[in-house]
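Q: Test case, fold it:
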Amino acid sequence: MSLMKKLISNSTIKKTSILTESEVFNEKDVIQTPVPMLNVALSGKVDGGLSPGLLVIAAESKHFKSSFALILGNAFQQKYPEGIILFYDSEFGMPQQYFKQFGIDTNRVVHVPITDVEELKHDIVNQLNNITRGEKVFIILDSLGNLASKKEVEDALEGKSVADMSRARQFKSLFRMVTPHLTLKDIPMVVINHVYKEIGTMFPKTIPGGGTGSYYSANDIWIIGRQQEKEKGTTEVAGFNFIINIEKSRTVKEKSKIPITVMLESGIEKWSGLFDVALAGDFIKEMSSGWYSTDGEKKRRKADIEDDNEFWETLLQDEKFKTYIHQKYSMAKGD
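A: Numbers count the residues shown, from 1 in each chain. Modelled structure (predicted):
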């Protein structure tokens with residue numbers, strides 16, 4: 001142990017410590033959302049949630065990307081009444097009313113308009129350098145895919161049409177500098193991103209834009225898909241199932257697919273995705289075509305069970321159900 005103490009005392013890094021006593025390595029803040037399967041997508045647990053580090057949410061337009069970020073922002077403000085959202089905005093597609101619809105206190109949102117990646121890099125690094133661990137800050141960037149580089153802007157002003165090779169390098173530089181601060185200072189950051197299709201393959205893969213910088217640095221990457229939810233007995237669209245495809249995660253099994261239902265009239269369905277999980281785990285039993293049981297006897301329709309708040313609140317307290325979900329979605333924890 002004398003050598004251990006010597007190595008720690010010789011270190012020039014303030015937070016150097018024995019691994020088992022490291023506040024950076026062991027103490028992770030978790031921000032729980034009110035939507036259980038959203039917590040599963042974030043952590044593999046229904047009672048888990050968002051942790052410090054980088055989450056990238058990528059999708060085509062109109063795929064609920066910004067809304068997911070605002071749900072997380074609301075959960076952050078609910079947990080920390082003193083917490084501040086630092087909002088970097090390059091798209092200007094989220095008016096103040098949009099924040100209020102998601103229950104966010106706009107008096108605790110710092111809006112930073114940005115026009116290029118270098119401007120973002122200089123400002124966010126300056127902010128992170130001056131934030132200390134314990135100060136509650138949540139960062140949203142909307143969006144990475146819409147950011148030009150300074151060279152791209154200058155070339156346009158000069159009438160040049162050459163390809164910009166500096167943008168991807170600037171993104172890599174940005175995330176190299178930002179990522180350590182997020183973990184060291186307990187800061188969650190959500191980056192909204194665009195996607196594009198891989199070129200030259202028979203089955204093109206959907207890829208987040210902006211190069212590999214955010215991909216390497218992110219703890220989690222979601223690629224959002226969308227399915228229409230029709231009004232019963234009609235062809236009229238009543239809402240959407242947004243499918244969270246886990247492209248990358250340090251806690252959730254990659255390639256997992258987690259649906260979150262949003263209805264046009266009533267908004268987010270709190271118990272989204274839980275019915276199919278409970279059915280697969282035998283916590284709900286299929287009695288006959290279209291009929292199910294939650295108690296082994298009474299037959300009920302799927303829609304009735306999905307709307308039964310008391311049933312879900314009780315089931316979510318069941319340790320067997322929580323363990324089943326954790327084993328189904330979490331990365332292996334065995335030796």
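Q: what's the average pLDDT for the lengthiest helix in the chain?
A: Longest helix of the chain, by residue count under DSSP state H: helix 167-184. Across helix 167-184, pLDDT averages out at 94.
Q: same question, stretch 66-77
A: Stretch 66-77 comes out at a mean pLDDT of 97.
Q: now stretch 187-197
A: On average, stretch 187-197 scores 94.
Q: chain center to that stretch, what's the gap?
A: 9 Å (CA atoms, centre = their mean, to the nearest Å).
Q: and what of stretch 43-62?
A: 2 Å.
Q: Quick check: buried residues in that stretch?
A: By 16 or more other CB atoms under 10 Å, the buried positions in stretch 43-62 come out as 43-46, 48-59. Where C-beta positions appear, they are placed from N, C-alpha and C, glycine not excepted.
Q: picking up where we left off before, show the subsequent helix or strand relative to the longest helix of the chain.
A: strand 188-193 (DSSP states H and E).
Q: Partner strands of that following strand, with direction?
A: strand 53-58 (parallel), strand 137-142 (parallel) (DSSP bridges).
Q: Distance to residue 85 and mean pLDDT for the ones you listed - can I get that in TSV?
A: Formatted as TSV, those follow (distance: least, CB to CB, whole Å; pLDDT from 0 to 100):
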stretch	distance to residue 85	mean pLDDT
strand 53-58	14	97
strand 137-142	5	97
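Q: Turn those into CSV, columns for distance to residue 167.
A: Putting those into CSV (distance: least, CB to CB, whole Å) gives the following:
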stretch, distance to residue 167
strand 53-58, 17
strand 137-142, 15
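Q: Strands of the stretch 151-300 of the chain, start to end?
A: 188-193, 195-197, 206-208, 220-230, 237-248, 257-263, 267-268, 285-288, 291-293 (DSSP state E, counting those that start in this stretch).
Q: among the ones you listed, which is the most enclosed?
A: Stretch with highest mean neighbour count among the strands of the stretch 151-300 of the chain: strand 188-193 (a mean of 25; mean count of other CB atoms under 10 Å).
Q: residues near residue 87, how many?
A: Applying other CB atoms under 10 Å, we find 22 residues neighbouring residue 87.
Q: hang on, isn't it packed against residue 109?
A: Yes. Counting by CB atoms under 8 Å, residue 87 does reach residue 109; the two are 5.5 Å apart.
Q: Just the pLDDT for residue 113.
A: The predicted local confidence for residue 113 is 96.
Q: Please name the spatially closest residue to it (chain neighbours excluded).
A: Take residue 113 and drop its neighbours on the chain: the residue closest to it by CB to CB, 6 or more residues apart in numbering is residue 89, 5.4 Å away.
Q: ok, now which ones touch that neighbour?
A: Shown in contact with residue 89 (CB atoms under 8 Å, 6 or more residues apart in numbering): 111, 112, 113, 114, 142.
Q: What is the neighbour count of the fourth one?
A: As a burial measure, the neighbour count of residue 114 was computed by other CB under 10 Å and equals 18.
Q: The first one now?
A: In terms of burial, residue 111 registers 14 neighbours under the definition other CB under 10 Å.
Q: what about it, helix or strand, and which?
A: Per DSSP H and E: strand 109-113 holds residue 111.
Q: what helix or strand does the nearest residue to residue 177 once chain neighbours are set aside sit in?
A: Spatial nearest neighbour of residue 177, excluding adjacent residues (CB to CB, 6+ apart): residue 125 at 5.2 Å. In this structure, residue 125 is located in helix 117-129 according to DSSP H and E.
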